[in-house]
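# here are the coordinates; sequence isn't available:
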Ligand SMILES: Nc1ncnc2c1ncn2[C@@H]1O[C@H](COP(=O)(O)OP(=O)(O)OP(=O)(O)O)[C@@H](O)[C@H]1O
Ligand SMILES: Nc1ncnc2c1ncn2[C@@H]1O[C@H](COP(=O)(O)OP(=O)(O)OP(=O)(O)O)[C@@H](O)[C@H]1O
Ligand SMILES: [Mg+2]
Ligand SMILES: [Mg+2]
C-alpha cells in the first residue's frame, strides 16, 4: 500500500472529512482520552485497570470497529485541547456536547441522556427546589465542565453568587472532600458520580435536575473527522437499539 | 487488620508509579543535560547571536513556573509530534531543566582555566576537539555538585507532570485518593516514597562526586 | 650563522597589536635546523607573543612566516596541522587536569594523530621514559611536583613528533631545586638535535646550550649573536645592561 | 617584684589540654596593679591559650585564678561579668564588620553596660579620642587601615572600663609602618596606670614599657624578670637563645 | 491577531485578579518562611545537639519531598486527622514551612561564614552567647544571606503556581480555568508566562535595590 506519512501521523490535522477512520483502521487501534476520576463513568481500580461505564462502552465500540482501544488518562480540562491538537483520536469522559466545545471538536450522537446533582454535607440545612436556589452559597465544580460553565453564567454573571464563592477543582472527588470537610457548602456535578461520591463521603443529594445539563453524553472527536463520526454514530445507534448500552449501564450500576 | 491491609494495597499501587517517576526524571535530566551543555557552550564559545539566544532562553525559562512550561510545551509538542503524556511531560521538564543546567555548565566552563584550551590547541586539536576532549570532561566534573542539586530538584519537579496525566507517584496517589477517599494515607505514602528517592539520589551523587573529584 | 641548509623557520617582518598595544613591530628571525635559539628581553617586550605567532595561536597581523619552506601565514593553511609540527611548552604547564600523566601524553596521539589506543600507549610511555617519568605515569597533575608537571608537558609536546619546539619560560614557575631537572631534559633534547626556541632567563642554560641568543625589546630584535658574543661583547648598551641584570638575579636567586 | 598591695591577678598552677594536646602544664603567675607584663615564647607555647584562660574564654581544666581577690574559677561565677572587667585585644582585631568604628565601641556600652544611647555615644567618642580616631568614627572596619582597626579594638575594650587589659600580639598582623601608632596608644595606656598583659615580640616596646618579661615554653613559665635582667643576663640558656632570635628578627624586619 | 486581542480582553481581568492572589500568597508565605527559617537556622548552628538533629530532620523532610505532595497532604490529608484548614491557610502554611526549610539552610550558611572571631570578640566584651548571636552575628548573617534570600523570594513567586491544585484562583489557577473556558491553552499560558516574567523581573529589581540599600562596605559583596 502507498505510504502517506503526513496523513498517517495522528498529529496532523485531518484536512478533509475522510481519512481519520482509515488511519485508525490502518493503525489497528484508536487512542481514546479520559479522565479516570469519575466513577461510575470512569475510574481506575486497585489493579490499575480503567473501569466504568464509559470504559466498557468504548471497548465494546472498538470491538465493533475491529480495532484495539488504547486509553489515555489525563486531566479533564486538557481533553478537548488534546483532541484538537491531534493527541487523541477521541474522548470519552462523560462529556456533553456544548456549543462552545462544538466550535473546537465534533461530537457523536449522545449515548446517554444525563442529569446533574447538587450535593451538600449531611448536616446541611439547605433546601433546594430549583438550581437557582444555590445562589449565594459557596459551590465547587470541576474545571472545564458544563457545570462550571452553568454556575458562571447563571449564578456569577447574574450577580446571585459572588465570584469568590465559586471554586474550580482539578477533580470532582476533591470538591466532594471539601464539601464533606465543610470548606464549601455545595457541589454541582453529574448525578450518578455525585451519588456515588455521596455514598462514600456521607454527603446528601439536595437536587437532581436536567436544567443545568445541556444534553447527552457524547464522544468527542477531531473537527471534520466526518468518516469517524459516521462510523461512531452508526455503532452507537446500533447499540442503543439492540440494548447493548442498556446492558452496560446496568452492569455499572447506572439507571 | 483492615488498616494494614489497606496500607499494603495502597503502597503497592503507588509503588508502581516509582518507575514512572524515575523514568520521567531520567529523561528530563538527560534532555536537560543535552540542552544545558549545548546552551552553555553557545554562551561561552558561541558567536554573539547564539550567545544572545541562549541567554534569553535561560532567563525566560527560569522566570516562569515549571508547571506553566509543561502546559505550554505539552500542547506545543503535541501539535508537531504525537507523543504520549510520558514523553511530552518528560521533554517539557527537560526543556525547563535545560535552562538551569545551562547556568550550571556555563559556570563550570568558565571555571576551567583558559590555559587548558591553549594547551589543547597547541598540540594541534581543533577548537571542537579541544572542547570535546579537554574542556568538557573537566567542566562536567566541576559541575557535578551543582548538578546533583539540580537532579534532586528535577526529581521533585517530576510530580508536576501529573497535570498532563503521567501516571507517576503523585498521579497514582490521587487515583487511590479518588477511589478510597482517604487522602491522608495516599499522600503520606507518596511523600515517603519521594523522601526515599531523594535521599538515595543524594547519596549516589555524593558518591560520584567523591569518585570523580577533580584536583586542580 | 650562515649555513648551506634551508632554514626550518623564517619570520619576515611580522607585526602584531592588541587594540592600541603594538606588541610586535617588525620582527624578522631565521632559525636553522638543530639550532637552539634563546630569546631574552624585558617583560612585555613581546617574547610570548612572538612564540604564539609562530605556531599561529595568535596569527600575526602582517608579515610572513615559513615553516620548512611552507608559508604558514598564507591563506588556506590549516593552523591545526601547523601546530602539530611545532611543540609548545608553557610557563604554567597547562597539563590537562582530568588526565593522568600518561593520559596527557596519549590524548594528542589518539585524538589528533589518530593512533590506536595500543600504539598511543606505547609511544606515550616511551616519551615519559625520555623525560624520566615512567614511574609517575598514572599520577594526576595535582599529584605531581612542578618539575614533574613540566616534564610531562614536554613529553606531551614530544609525542606529537614536532619538527621544532617552543619553550615559554619553562622553568620560571618552578622552585630553584626543581628547575634543574627540567633544564636537563631540555639539554638532552638539544643534544638529540631538536630545533628549539626558548624564552628563558636561565643564563647558565643559555651559555651551555644556545647556538644563538636573541635580545628583544619593544617589539623588535635589538641584537643577536652567539652566547659568548652576547655575554662578553654585546654591541648595544641596552643589551649589556639587561644581560648584566639578569645574570645578577640569576646568582642571587640561588 | 614584691609590693605591699594585693595582686590584681593570681594564677595558680593551671592546666589546659585540647584532646591529646597538653597546652598549659602548670602555669602560675601573679600580676600587681599597674604592672605591664610582656609574655614571650615560641609559637605554640600556649601564650594565647593562657590569655583565653584568664578571661575564661576557654576555662582552665584545673588550677585556680583570682581576679581582684575573687576566685573566678570557682563554680557559680558568671564569666560574662568577669570578662567585663578584663579587656582583650586580638591579633586580627575582630572588629564587628557591620558596625562603624563608633558602633563597635558603643555596642558593648548599650547592650552590656546598659547605657542610654546618648551616654554610650559620648563615652565612645571619648574612647575614640583617646586612641586618636575621632575623625574615623563613622567609617566601617573595611574602610580602616590595620593600625586604625587595632586602635578601634582597643577603644572598644577600654569602653567596658576594664580593670586590666590582655593584648594578644596586637601588632603582628600589621605592616611595620602601622605598628608604631598602636604601640604608642598602648604606651599611653601604660603611663595612665592600666594593668596589662601583652603577648608581643616587639622588643623595643618590652624594653621601654614592661615592668616584667615572662618567657613561656612548652606550657610552663621558664623564666621571668625585669626587661634588663631578661635581655642582659637571663638565667636559662633557652631564654637567651630565644630572646636573641627575636631581637635579630626585630631589627631585620625594619 | 484580532481574535488574540479579543481573547486578551476576555482573560485580562481574571488574570490580574490571579496576580493579586499570587502576590499575596508569595508574600505571606515568604514572611512565614522567614519567621520559621530564622529560629530554625539559628538553632541549627547554635542550638543543643538534640535540637540541631530535630531541625535537620524538618529540613530534610521539606527539602526532600515535592512541594505538591506537601500541599495535598496538608490540604486534603490533614482533615483525615481532624485538622481542616481553609485553602488560603493551607497554602500559606505549606509554602511557609517549605520556604522555612530553605531559608533556614541559607541562614545557616551565612551564620557559619560570619566567622568565629566575631563571636570571640563579642564574648570578650562580656556579651552572653545569645546576646552575641542577636546583636553581632545575626545582623551580619542577615545581610550576607540577602542574595540567597532574593533567590528564594523569586523561587517562591514561581512555586505559588502549585496552589491552583487546591482550587485557589492564583495566576496559574485562573489560567487553567480560562484555558478550558476558551479552549485556547497555548496563547493563554503564553500570556501567563509573560506575567510571571514581569513579576519575577520586578521582584528581582526591587530586591537588588534593597541589597544596595543594606550594603555595608567590606561586609557584603560589591553590588554593581
Ligand atoms: N591577548 C592579549 N590582549 C591584549 N594584550 C596582550 C595580549 N597578549 C599580550 N598582550 C600585551 O602584549 C604585551 C607583550 O606581552 P608578551 O606576553 O608577549 O610579553 P613577554 O615578553 O612575554 O613578557 P613576559 O616576560 O612578562 O612574559 C604586553 O603589554 C601584554 O599586556
Ligand atoms: N581550640 C583548640 N583546639 C585544639 N588545639 C588548640 C586549640 N587552641 C589552641 N590549640 C593548640 O594549643 C597549642 C598552643 O596554642 P596557642 O595558640 O596558645 O600558642 P601560642 O603560644 O599563642 O602560639 P602563637 O605564637 O603561634 O600564637 C597549639 O599546639 C595549638 O594547636
Ligand atoms: Mg611571556
Ligand atoms: Mg597565639
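Cool, got the structure. Just so you know, these numbers come straight off a predicted model, no measurement behind them. Numbers count the residues shown, from 1 in each chain, chains lettered A, B, ... in the order given. Ligands and ions are numbered 1, 2, ... in the order given.

# mind listing what's buried in the worst-scoring helix or strand of chain B on mean pLDDT?
The weakest-scoring helix or strand in chain B, judged by mean pLDDT, DSSP states H and E, is helix B:66-80 (a mean of 81). Neighbour-count burial for helix B:66-80 flags B:66-79 (criterion: 16 or more other CB atoms under 10 Å in any protein chain shown). The C-beta positions use only the backbone N, C-alpha and C, and glycine is treated the same way.

# cool, and stretch B:52-62?
Those buried within stretch B:52-62 under the rule 16+ other CB under 10 Å are B:54, B:57-58, B:60-62.

# need the residues you listed in CSV with distance to chain C, can you?
Converted to CSV, those look like this (distance: CB to the nearest CB, whole Å):
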residue, distance to chain C
B:54, 25
B:57, 28
B:58, 26
B:60, 33
B:61, 30
B:62, 29
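
# can you give me the strands for chain A?
Taking DSSP state E as the test, the strands found in chain A are A:29-34, A:43-44, A:50-51, A:68-73, A:90-91, A:105-107, A:112-113, A:116-121, A:139-142, A:166-169, A:186-190, A:203-209, A:216-217, A:220-222.

# ok, is the second one in contact with chain B or not?
So that's strand A:43-44. Yes - counting by CB under 8 Å from any CB of the partner chain, chain B has neighbours in strand A:43-44: A:43-44.

# residues near residue E:213, how many?
Residue E:213 has 8 neighbouring residues, counting by other CB atoms under 10 Å in any protein chain shown.

# oh, I was asking about residue B:123
If you count neighbours by other CB under 10 Å, residue B:123 ends up with 29.

# how would you label the closest residue to it other than its chain neighbours: helix, strand or coil?
Sequence neighbours aside, residue C:108 is the residue nearest to residue B:123 in space, at 4.1 Å (criterion: CB to CB, 6 or more residues apart in numbering or on different chains). Here residue C:108 takes the helix state, with states given by DSSP: H, G, I helix; E, B strand; the rest coil.

# if we can go back for a sec, so which of the buried residues of helix B:66-80 is the closest to chain C?
residue B:66 (32.6 Å; CB to the nearest CB).

# That closest one touches residue B:93, doesn't it?
Yes - here residue B:66 lies in contact with residue B:93, judged by CB atoms under 8 Å, at a distance of 6.9 Å.

# Now the common contact residues for those two.
B:157, B:160 (CB atoms under 8 Å, 6 or more residues apart in numbering or on different chains).

# re the thing from before, name the nearest of the buried residues of helix B:66-80 relative to chain A.
residue B:78 (4.2 Å).

# I figured residue C:104 hits residue C:94, correct?
No - Residue C:104 lies out of contact with residue C:94 (CB under 8 Å); the separation is 9.8 Å.

# So which of the two has more stuff around it?
residue C:104 (29 against 24).

# now for the helix or strand harbouring the more buried one, which elements pack on it?
Using DSSP states H and E, residue C:104 maps to helix C:101-111. Taking 3 or more CB pairs under 8 Å, 6 or more residues apart in numbering or on different chains; DSSP states H and E as contact, the helices and strands that helix C:101-111 lies on are helix C:117-130, helix C:146-159.

# can you rerun that using 10 Å?
helix B:114-122, helix B:127-130, helix C:117-130, helix C:146-159 (3 or more CB pairs under 10 Å, 6 or more residues apart in numbering or on different chains; DSSP states H and E).

# Next, the angle helix C:117-130 makes with that helix.
Per axes from the mean of the first three to the mean of the last three CA atoms, to 10 degrees, the angle that helix C:101-111 makes with helix C:117-130 is 130 degrees.

# Nearest spatial neighbour of residue C:182, chain-adjacent residues omitted?
residue C:150 (4.8 Å).

# doesn't residue C:93 make contact with that neighbour?
Yes - the pair residue C:150 / residue C:93 is scored as a contact, 5.5 Å apart, by CB atoms under 10 Å.

# neighbour-wise, which of these two wins?
More crowded of residue C:150 and residue C:93, by other CB under 10 Å: residue C:150, with 29 against 23.

# Who are the contact partners of that one?
C:89-93, C:95, C:131, C:144, C:167, C:170-171, C:173-174, C:178-179, C:181-182, C:185-186 (CB atoms under 10 Å, 6 or more residues apart in numbering or on different chains).

# Any figure for the gap between it and chain A?
Distance, residue C:150 to chain A, using CB to the nearest CB, to the nearest Å: 60 Å.

# so which residue of chain C comes closest to ligand 2?
Distances between chain C and ligand 2 by CB to the nearest ligand atom are smallest at residue C:175, namely 25.7 Å.

# That residue: neighbour count?
Residue C:175: 10 neighbours (other CB under 10 Å).

# Tell me, how many residues neighbour the closest residue to residue E:126 other than its chain neighbours?
Among residues not flanking residue E:126 along the chain, residue D:84 sits closest, at 3.6 Å (CB to CB, 6+ apart). Residue D:84 sits with 21 neighbouring residues when counted by other CB under 10 Å.

# Remind me what the host helix or strand of residue D:84 packs against, helices and strands.
Assigned by DSSP H and E, residue D:84 belongs to helix D:79-85. Counting by 3+ CB pairs under 10 Å, 6+ apart, the packing neighbours recorded for helix D:79-85 are strand D:62-67, strand D:70-71, helix E:116-124, helix E:129-132.

# Flag every buried residue along it.
Buried-residue list, helix D:79-85, by 16+ other CB under 10 Å: D:79-80, D:82-85.

# Quick check: which element contains the spatially most central residue of chain B?
Taking CA atoms, centre = their mean, the centroid of chain B lies closest to residue B:29, which sits 3.1 Å from it. Element membership for residue B:29 (DSSP H and E) is helix B:2-45.

# does that helix come close to chain C?
No - shown here: helix B:2-45 not in contact with chain C (CB under 10 Å from any CB of the partner chain), separated by at least 16.0 Å.

# Among the buried residues of stretch B:52-62, which one lies nearest to chain D?
Closest to chain D, out of all of the buried residues of stretch B:52-62 and judged by CB to the nearest CB, is residue B:62, at 31.4 Å.

# Just the residues contacting the worst-scoring helix or strand of chain C on mean pLDDT, thanks.
Lowest by mean pLDDT, DSSP H and E among the helices and strands of chain C is helix C:237-253, with a mean of 75. With contacts defined as CB under 10 Å, 6+ apart, helix C:237-253 is touched by C:40-42, C:45, C:176, C:179, C:200-204, C:206-207, C:213, C:215, C:217-218, C:222-225, C:227, C:229-234, C:236.

# Any regions of chain E where pLDDT drops low?
E:1, E:220-224 (pLDDT under 70).

# rerun that using 80 as the cut-off
Residues of chain E meeting the criterion pLDDT under 80: E:1-2, E:180, E:183, E:218-224.

# Would you mind measuring from the residue of the stretch 51-200 of chain A found nearest ligand 1 to chain C?
At 52.6 Å from ligand 1, residue A:85 is the closest residue in the stretch 51-200 of chain A, using CB to the nearest ligand atom. Applying CB to the nearest CB, the value for residue A:85 to chain C is 45 Å.

# shouldn't that residue be in contact with residue B:75?
Yes - Residue A:85 lies in contact with residue B:75 (CB under 10 Å); the separation is 5.7 Å.

# Mind listing the shared neighbours of those two?
A:78, E:185-186.

# Output the residues you listed in TSV; the columns should cover distance to ligand 2 and neighbour count.
Formatted as TSV, the shared contacts of residue A:85 and residue B:75 follow (distance: CB to the nearest ligand atom, whole Å; neighbours: other CB atoms under 10 Å in any protein chain shown):
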residue	distance to ligand 2	neighbour count
A:78	62	28
E:185	63	25
E:186	63	18
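
# Put together TSV for these, with distance to residue E:79 on each row.
Putting those into TSV (distance: CB to CB, whole Å) gives the following:
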residue	distance to residue E:79
A:78	27
E:185	32
E:186	36
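
# Restricted to helices, list those.
A:78, E:185-186 (DSSP state H).

# how about those in TSV, adding distance to chain D?
Shown next, in TSV, are these (distance: CB to the nearest CB, whole Å):
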residue	distance to chain D
A:78	52
E:185	50
E:186	50
